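Undergrad: coordinates only, no sequence provided:
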């Protein structure tokens, strides 16, 4: 389909006609030689190949030439464009931020995978999250890791393979041995500030209580609620543990409830997988798509035709003006 980007410029085609009608005709007085035999010459030339009618037709063709060039130039100014087939791309309908605890207690080898294999907590988390990320088509996913301080491991992206690769590269204590749960939520809220989607979900996975945050988790949760961020918390520690590594379920549940989210406790890999399936069900979303039809510029074609006509006319005139060679 061909359309004009600036169709209003078609009105310029009438400009020469308006000028011709409104402006006075150019007149020039020239001296003339009176020939009493002129009428006789005209009569003799009536049946000749180069009769006055032939000259009249050539004059009409010559006068049409500038009009054709002018029309081609106006067509180029209108910018004809070829509307190509639409291109569709999937838009992010939800921003999903994963917050993973990398404190020292995550190396405890007390998690059982669905196949019965014993593994450490972080490896179990990676195994389940890897499967969880494969179903995130249509989401923008980010990753924050935290220990003694929170860090952005992956900013929001739809490149799920990159997110899975960088998650796999995380190790216990790479962010420090302590647990700054509140600060991790604060960093997540900061990442959501540039989000333009309506659904913002933060999933926190931790096995300990907050030990050194500058922002208490309860205050961070209140700010997240005001910013429209829903927090789901997954606790993977042992509630019976004492000291800094104990699992403060009351605090974690309060954070989730403040933002309208849910709290889950996972004791093994099977339960952890079921929890993420439940989160996926709670956060079901509609995938949005954007359609775009590229436009290819065609203005160079009328310009090329006008240039060829001009060159051809000039070449023809030069050829006709050449005098025949004398033998």
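TA: Right, received. Where do you want to start? Model, not experiment: these values are computed from the prediction.
Undergrad: for the stretch 101-250 of the chain, what spans make up the helices?
TA: Assignment of helices within the stretch 101-250 of the chain using DSSP state H, counting those that start in this stretch yields the ranges 121-133, 160-168, 181-192, 217-226, 249-258.
Undergrad: among these, which is the most enclosed?
TA: Ranked by mean neighbour count, the helices of the stretch 101-250 of the chain are led by helix 181-192 with a mean of 22 (mean count of other Cβ atoms under 10 Å). To be clear about C-beta, it is placed using only N, CA and C from the backbone, and glycine gets the same treatment.
Undergrad: residue 271 is nearest to which of the helices of the stretch 101-250 of the chain?
TA: Closest to residue 271 of those, according to Cβ to Cβ: helix 121-133, at 9.9 Å.
Undergrad: wait, which of the helices of the stretch 101-250 of the chain is closest to residue 150?
TA: Residue 150 lies closest, by Cβ to Cβ, to one member of the helices of the stretch 101-250 of the chain: helix 181-192, at 4.1 Å.
Undergrad: the closest one packs against which elements?
TA: Counting contacts by 3 or more Cβ pairs under 8 Å, 6 or more residues apart in numbering; DSSP states H and E, helix 181-192 is packed against strand 94-101, strand 139-146, strand 150-157, strand 199-206, helix 217-226, strand 229-235.
Undergrad: contact partners for residue 126?
TA: Residues near residue 126 by Cβ atoms under 8 Å, 6 or more residues apart in numbering: 167-168, 170.
Undergrad: over to residue 130?
TA: Residues in contact with residue 130 (Cβ under 8 Å, 6+ apart) are 164, 167-168.
Undergrad: which one of the residues you listed is nearest to residue 300?
TA: Among these, and counting by Cβ to Cβ, the member closest to residue 300 is residue 164, at 46.3 Å.
Undergrad: got the contact list for the closest one?
TA: Residues near residue 164 by Cβ under 8 Å, 6+ apart: 129-130, 133-134.
Undergrad: 10 Å instead, please
TA: For residue 164, the contact set (Cβ atoms under 10 Å, 6 or more residues apart in numbering) comprises 126, 129-134, 136, 141, 143, 154.
Undergrad: still on that earlier bit, just name the closest of the contacts of residue 126 to residue 40, please.
TA: The nearest member of the contacts of residue 126 to residue 40, counting by Cβ to Cβ, is residue 167 at 104.1 Å.
Undergrad: out of the helices and strands packed on helix 181-192, the one nearest residue 265 is which?
TA: Smallest distance to residue 265 across those (Cβ to Cβ): 4.8 Å, for strand 229-235.
Undergrad: which SSE is residue 72 in?
TA: Secondary-structure assignment from DSSP states H and E places residue 72 in helix 52-77.
Undergrad: same question for that helix, mean pLDDT?
TA: Averaged over helix 52-77, pLDDT sits at 72.
Undergrad: so after that helix, what's the next helix or strand?
TA: Next along the chain after helix 52-77, taking DSSP H and E as the criterion, comes strand 80-83.
Undergrad: partner strands of that following strand and their direction?
TA: Strand 80-83 pairs in its sheet with strand 2-4 (antiparallel), strand 295-297 (antiparallel), by DSSP bridges.
Undergrad: quick one: mean pLDDT over it.
TA: Mean predicted lDDT for strand 80-83 stands at 89.
Undergrad: would you mark the buried spots in it?
TA: Using 16 or more other Cβ atoms under 10 Å as the test for burial, strand 80-83 gives 80-81.
Undergrad: got a list of contacts for it?
TA: Outside strand 80-83, the residues within contact range by Cβ under 10 Å, 6+ apart are 1-7, 293-302.
Undergrad: tell me how far residue 72 lies from residue 190.
TA: 57 Å (Cβ to Cβ, to the nearest Å).
Undergrad: next one: residue 130
TA: Residue 130 sits 26 Å away from residue 190, going by Cβ to Cβ.
Undergrad: likewise for residue 167?
TA: From residue 167 across to residue 190, the span is 20 Å (Cβ to Cβ).
Undergrad: how about residue 165?
TA: 24 Å.
Undergrad: cool, and residue 127?
TA: Residue 127 is 29 Å from residue 190, by Cβ to Cβ.
Undergrad: residue furthest from the geometric center of the chain?
TA: Centroid-distance maximum for the chain: residue 36 at 81.5 Å, with Cα atoms, centre = their mean.
Undergrad: show me what contacts the closest residue in space to residue 299 that isn't next to it in sequence?
TA: Distance criterion Cβ to Cβ, 6 or more residues apart in numbering; nearest residue to residue 299, sequence neighbours excluded, is residue 76 at 4.5 Å. Residue 76 makes contacts with 9, 298-306, as judged by Cβ under 10 Å, 6+ apart.
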